[in-house]
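> got a predicted structure here, sequence first:
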Amino acid sequence: RYIGKISFRELRLQGPKISPPVGFLETELAIGKNQLHLPSLKIGLQRSVLNLEVNLVDFKNPRLDATVKGTVFGDELGKLLKISFLRRGEFAMQGSGHYEPNAYTFSGTVAGRGVHLHSTTFDLQKAAINTSFHLSQDRLALRKISISALGAKIIGEADIRQWKDFRFAGNMNGLSVQQATGLFVERPIEWNGMASGPVEVTGKFGADGVRGLIAKSALAITPGFQGIPLQGNLNGVYDQQRSVIELGQSNIQLPHTQLAVSGTLGSLLNVTLDSTNLDDVMPALRFGSSNGEASELPIRLANGSAHFKGTLSGPWSKLEIAGDLSANQLIYENILVEELKTTFAVNEDGLYWKGLSARHGDLHIAGAGELALSKWKADGSSLAKGRFDVRSADLAKLKDQFGDKELPISGVASGTVLLDGTLG
């Protein structure tokens with residue numbers, strides 16, 4: 001029997017799945033007949049340290065049993081295993097393992113705190129995680145996962161196969177919509193609700209971080225404590241490779257607005273909207289703009305209501321809205337429209353409509369046309385073109401609102417109006 005000590009400094013670890021950071025190793029050892037005992041093996045990097053006890057028997061056909069306990073820091077672990085998105089964190093680990101030729105297993109628990117995950121598409125900080133694990137040659141199984149982040153808690157399980165493909169499935173409770181959007185963009189949306197429900201995430205680990213990430217959810221949303229209250233249900237899929245968020249049939253309720261939506265954000269959304277205050281939709285326009293600002297909508301409701309069924313297409317910076325609109329008590333550029341029905345398309349450069357039917361008092365207008373806009377607004381230099389059938393127009397009222405109030409004109413007119421020029 002031989003007893004001794006071994007110590008290595010400036011130790012570099014290398015392998016196909018690891019990079020070679022500098023570490024250290026020290027241990028007491030006892031060598032007996034065809035066996036080796038390491039009662040106090042210590043392996044570490046600069047701050048990360050693992051304490052192990054190892055028993056090895058049969059040098060020709062080795063079988064090894066080990067126990068481990070220690071702390072690993074996220075930045076060092078990320079560099080060691082080439083996990084570029086793991087930036088920080090402190091992980092306490094304990095477990096035991098067994099090795100024999102062509103097979104090994106290792107099981108235990110991990111508790112992490114202060115975890116920071118960052119990639120080109122998201123940034124998650126100050127997360128905590130607890131899980132049990134079972135490691136074999138081609139699979140890492142994580143069970144009883146508990147993740148706390150952004151004020152939410154996620155319970156689930158995960159599998160990583162061939163150190164490449166991963167899948168997580170679980171349930172989330174109490175996620176702030178504002179904080180969740182803040183993971184992917186610098187400026188979170190002003191609406192806020194608390195989301196809960198099942199989630200599933202799949203993807204692949206690579207040298208450049210996570211690739212092919214797909215996240216699916218079917219969430220129920222209750223009003224949040226800050227921001228504009230939001231509630232309803234949201235069914236969505238985030239596809240990292242295509243950089244898109246696809247919505248299944250989802251229903252959202254804002255303070256004065258109900259919204260049913262499906263489609264692809266930034267490309268094409270199918271929307272049905274009922275509202276008594278269109279200011280509810282302004283956060284979406286500000287969220288999508290390049291500077292977090294958006295001009296006020298050119299229309300508003302004065303104790304009225306609006307129903308819209310149509311599409312939102314294009315990126316938010318070049319948004320186009322098209323579909324069928326019916327409304328009452330609608331104000332456009334300080335003009336009150338008591339009843340309105342039309343099929344229209346509008347973007348920041350222009351408004352186009354057909355099948356227009358509008359009423360203001362006894363005045364009825366039907367027709368089609370277009371109006372040039374500048375950043376969603378019209379002014380005196382805006383070009384307008386259209387054909388309108390007018391019935392029961394009170395000329396005195398029109399004169400007072402649009403013309404020279406001193407002009408001696410009165411009466412009721414009906415006929416066809418052709419418009420081609422500027423508003424001013």
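Cool, the structure landed.
> look up the closest residue to residue 110, ignoring the ones flanking it.
Sequence neighbours aside, residue 93 is the residue nearest to residue 110 in space, at 4.9 Å (criterion: C-beta to C-beta, 6 or more residues apart in numbering). For every residue, glycine as well, the C-beta is placed using N, CA and C.
> what is the distance between the helix or strand hosting residue 203 and the centre of its chain?
When secondary structure is defined by DSSP states H and E, residue 203 falls within strand 191-206. Strand 191-206 has its average C-alpha position 8 Å from the chain's average C-alpha position, going by C-alpha atoms, centre = their mean, to the nearest Å.
> show me the contact partners of stretch 47-59.
Contacts of stretch 47-59 from elsewhere in the structure, counted by C-beta atoms under 8 Å, 6 or more residues apart in numbering, are 34-44, 62-73, 76-77, 93.
> tell me the buried residues in that stretch?
With burial defined by 16 or more other C-beta atoms under 10 Å, the residues of stretch 47-59 counted as buried are 48-54, 56.
> what lines up beside the strand holding residue 203 in the sheet?
According to DSSP bridges, strand 191-206 forms sheet pairs with strand 165-176 (antiparallel), strand 209-223 (antiparallel), strand 228-229 (parallel).
> now, which of the buried residues of stretch 47-59 sits nearest residue 423?
Using C-beta to C-beta, the shortest approach to residue 423 within those belongs to residue 48, at 69.8 Å.
> now the closest one: closest residue in space, sequence neighbours ignored.
Nearest non-adjacent residue to residue 48, counting by C-beta to C-beta, 6+ apart: residue 72, 4.3 Å away.
> what helices or strands is the helix or strand containing the one you found leaning on?
In this structure, residue 72 is located in strand 63-73 according to DSSP H and E. With contacts defined as 3 or more C-beta pairs under 8 Å, 6 or more residues apart in numbering; DSSP states H and E, the packing partners of strand 63-73 are strand 49-57, strand 86-100.
> residue 225 is nearest to which of those?
Here strand 86-100 is closest among those (C-beta to C-beta), at 28.0 Å.
> what angle separates that closest one from strand 49-57?
Between the axes of strand 86-100 and strand 49-57, defined by axes from the mean of the first three to the mean of the last three C-alpha atoms, to 10 degrees, the angle is 10 degrees.
> starting at the chain centroid, how far to strand 86-100?
For strand 86-100, the separation from the chain centroid amounts to 30 Å (computed by C-alpha atoms, centre = their mean).
> can you dump the C-alpha atoms of it in CSV for me?
Output in CSV follows, covering the C-alpha atoms of strand 86-100 (Å, rounded to 0.1, in the frame of the first residue of the first chain):
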residue,chain,number,x,y,z
LEU,A,86,-23.8,31.5,-20.2
ARG,A,87,-22.3,34.7,-18.8
ARG,A,88,-22.6,34.6,-15.1
GLY,A,89,-24.0,32.6,-12.1
GLU,A,90,-23.0,30.6,-9.1
PHE,A,91,-23.9,26.9,-9.2
ALA,A,92,-23.7,24.6,-6.1
MET,A,93,-23.5,20.9,-7.1
GLN,A,94,-23.4,17.6,-5.3
GLY,A,95,-23.8,14.1,-6.7
SER,A,96,-22.3,10.7,-7.3
GLY,A,97,-21.2,8.7,-10.3
HIS,A,98,-20.0,5.4,-11.7
TYR,A,99,-17.7,4.6,-14.6
GLU,A,100,-16.7,1.4,-16.3
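> I'd like the next helix or strand past it.
strand 103-118.
> may I have that following strand as CSV, with CA atoms only?
Included here for strand 103-118 are C-alpha records, laid out as CSV according to Å, rounded to 0.1, in the frame of the first residue of the first chain:
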residue,chain,number,x,y,z
ALA,A,103,-20.4,3.4,-19.9
TYR,A,104,-20.7,6.0,-17.2
THR,A,105,-23.5,7.7,-15.2
PHE,A,106,-23.5,10.7,-12.9
SER,A,107,-26.5,11.9,-10.8
GLY,A,108,-27.1,14.7,-8.4
THR,A,109,-28.5,18.1,-7.8
VAL,A,110,-27.6,21.7,-8.9
ALA,A,111,-28.7,25.0,-7.3
GLY,A,112,-27.9,28.1,-9.3
ARG,A,113,-28.3,31.8,-8.4
GLY,A,114,-27.5,35.1,-10.1
VAL,A,115,-27.6,33.3,-13.5
HIS,A,116,-27.1,35.6,-16.6
LEU,A,117,-27.9,34.2,-20.0
HIS,A,118,-27.2,36.4,-23.1
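> relative to strand 209-223, how tilted is it?
The directions of strand 103-118 and strand 209-223 differ by 60 degrees, with the same axes, to 10 degrees as the criterion.
> each with direction, which strands does the helix or strand following strand 103-118 pair with?
Later in the chain than strand 103-118, the nearest helix or strand by DSSP H and E is strand 123-135. Here strand 123-135 has these sheet partners by DSSP bridges: strand 103-118 (antiparallel), strand 139-149 (antiparallel).
> flag every buried residue along strand 123-135.
By neighbour count, and taking 16+ other C-beta under 10 Å as the criterion, the buried residues in strand 123-135 are 123-124, 127, 129, 131, 133, 135.
> what's next to stretch 221-239, contact-wise?
Contact partners of stretch 221-239, identified using C-beta under 8 Å, 6+ apart, comprise 176-178, 190-196, 213-220, 244-255, 259, 280, 283.
> narrow these to just the buried residues.
When these are checked for burial by 16+ other C-beta under 10 Å, the buried set is 176-178, 190-196, 213, 215-217, 219, 245-247, 250-254, 259, 280, 283.
> what about the residue positioned nearest the centre of the chain, which SS state?
Ranked by distance to the mean C-alpha position of the chain (C-alpha atoms, centre = their mean), the top residue is residue 181 at 4.7 Å. What DSSP: H, G, I helix; E, B strand; the rest coil gives for residue 181 is helix.
> now do it, the pLDDT please.
Taken from the predicted model, the pLDDT recorded for residue 181 is 77.
> how much space separates it from residue 324?
Spatial separation of residue 181 from residue 324 under the definition C-beta to C-beta, to the nearest Å is 30 Å.
> again with residue 45
Relative to residue 324, residue 45 is positioned 64 Å away (C-beta to C-beta).
> next, count neighbours for residue 376.
Taking other C-beta atoms under 10 Å as the criterion, the count of residues near residue 376 is 19.
> quick check: it touching residue 297?
Yes: contact between residue 376 and residue 297 holds when scored by C-beta atoms under 8 Å: they sit 6.9 Å apart.
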